[in-house]
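[1] have a look at this fold, sequence not included:
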């Protein structure tokens, strides 16, 4: 993978072209730490949204990836599009994780289910409520 460095922190950053190449090669699973870094990076919203679209191709999601998705979904300072994409990604990835480990994923010590229910009781954009509702239904079907 071509890695380029930015800032003085020498942090790895994946490019949009490389991301598409990884997706098409069906090897996104191998680059989950890089994808998590891209999701945490606040400087490139295009890359973040593209990662959110592509992570649904991951077959074996890590806890770190699921936590990154929860962080985006619950962060009100993130764009509503990114929050909806994160909920949609959790709709696909959380059941895969549950199927594999037989354990519900957690975020900051709380169940992802509890966090999603809290979002539904809070005043949020209807599209986010719909995405979270779909994710909850998909997770409940796994149990």
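    Perfect, thanks for sending it. Nothing here was measured: the structure is a model prediction, and the numbers come from that model.

[2] any idea which helix or strand carries the most centrally placed residue in the chain?
    Nearest residue to the geometric centre of the chain (CA atoms, centre = their mean): residue 69, 3.0 Å. Secondary structure assignment for residue 69, by DSSP states H and E: helix 63-74.

[3] what helices or strands is that helix leaning on?
    Applying 3 or more CB pairs under 8 Å, 6 or more residues apart in numbering; DSSP states H and E, one finds that helix 63-74 contacts helix 32-40, helix 45-54, helix 80-101, strand 106-107, helix 112-121. Yep, even glycine has a C-beta here, placed from its N, CA and C like the rest.

[4] picking up where we left off before, any idea how far the residue nearest to the centre of the chain lies from residue 62?
    Distance, residue 69 to residue 62, by CB to CB, to the nearest Å: 11 Å.

[5] related to what we said a few turns ago, how about CSV for the helices and strands packed on helix 63-74, with mean neighbour count added?
    Below are the helices and strands packed on helix 63-74 laid out as CSV (neighbours: other CB atoms under 10 Å):
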stretch, mean neighbour count
helix 32-40, 19
helix 45-54, 18
helix 80-101, 20
strand 106-107, 18
helix 112-121, 16
